[in-house]
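[1] Below are the sequence and a predicted model; questions follow.
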Amino acid sequence: MTQAFTLPDLAALIASRQNAVADTSYTRSLLDAGLTKCARKFAEEATELVIAAVERDKKAITLESADVLYHLLVVLHAGNVSLSDVMDELSRRTGQSGLQEKAGRSKPAARP
C-alpha cells in the first residue's frame with residue numbers, strides 16, 4: 001500500500017524546487033518571478049475553481065482544487081510563511097466558532 005501524498009509533502013517538494021533550474025522547473029520559474037506573480041497565479045486558479053463549482057463540474061473542481069492547493073503553497077513559500085504556521089493558526093481557531101473568530105478580528109481602517 002502506498003502512503004498518501006500530503007500537503008506537507010507538497011510544501012517540501014515546492015521548497016526543494018527553489019534550487020532547481022528555472023528552465024526545467026515551473027515552480028522555480030514562479031518563485032523567481034516573485035510573490036506578486038505567485039499571488040496573481042493563485043488568484044487565477046482560484047477563479048477557475050469558482051467557475052468549476054458554479055458549473056457543478058466535479059472533475060473540474062477536483063483538478064482546479066489541486067491547482068489552488070499547489071499555487072497556495074507556492075505563495076506561502078514565496079512569502080516566507082510555512083504551512084505549519086498556517087496549520088497552527090487553523091488549530092488556534094478551532095477553539096471558537098467561526099462567527100466568534102470573525103467578530104474578534106480587527107477591522108481594517110476605512111480608506112479615504
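    Looks like it arrived, so ask away.
[2] how about the nearest residue to residue 15, chain neighbours excluded?
    With sequence-adjacent residues excluded and distances taken as C-beta to C-beta, 6 or more residues apart in numbering, residue 15 is closest to residue 77, at 6.1 Å. Just so you know, the C-beta spots here come from the backbone N, C-alpha and C atoms, and that holds for glycine as well.
[3] Check residue 19 too.
    residue 28 (7.9 Å).
[4] and that neighbour, what pLDDT?
    We have a pLDDT of 96 for residue 28.
[5] wait, what's in contact with the residue most central in space within the chain?
    Nearest to the mean C-alpha position of the chain, by C-alpha atoms, centre = their mean, lies residue 72 at 1.5 Å. Contacts here follow C-beta atoms under 8 Å, 6 or more residues apart in numbering; on that basis residue 72 touches residue 42.
[6] and the gap between it and residue 23?
    25 Å (C-beta to C-beta, to the nearest Å).
[7] now do residue 65
    28 Å.
[8] Of those two, which one has the most company?
    More crowded of residue 65 and residue 23, by other C-beta atoms under 10 Å: residue 65, with 16 against 7.
[9] List the buried residues of the helix or strand encompassing the more buried one.
    Assigned by DSSP states H and E, residue 65 belongs to helix 58-78. By neighbour count on 16 or more other C-beta atoms under 10 Å, the buried set for helix 58-78 is 61, 64-65, 67-68, 70-78.
[10] now, among these, which is nearest to residue 49?
    Lowest distance from residue 49 to the buried residues of helix 58-78 (C-beta to C-beta) belongs to residue 64, with 3.9 Å.
[11] where does residue 56 land in three-state SS?
    With DSSP: H, G, I helix; E, B strand; the rest coil as the basis, the three-state label of residue 56 is coil.
[12] neighbours around it, how many?
    For residue 56, using other C-beta under 10 Å, the count is 8.
[13] re earlier: quick one: the residue nearest to residue 15 and residue 12, what's the gap?
    Computed as C-beta to C-beta, the residue 77 to residue 12 distance reads 10 Å.
[14] Fine by me, thanks again.
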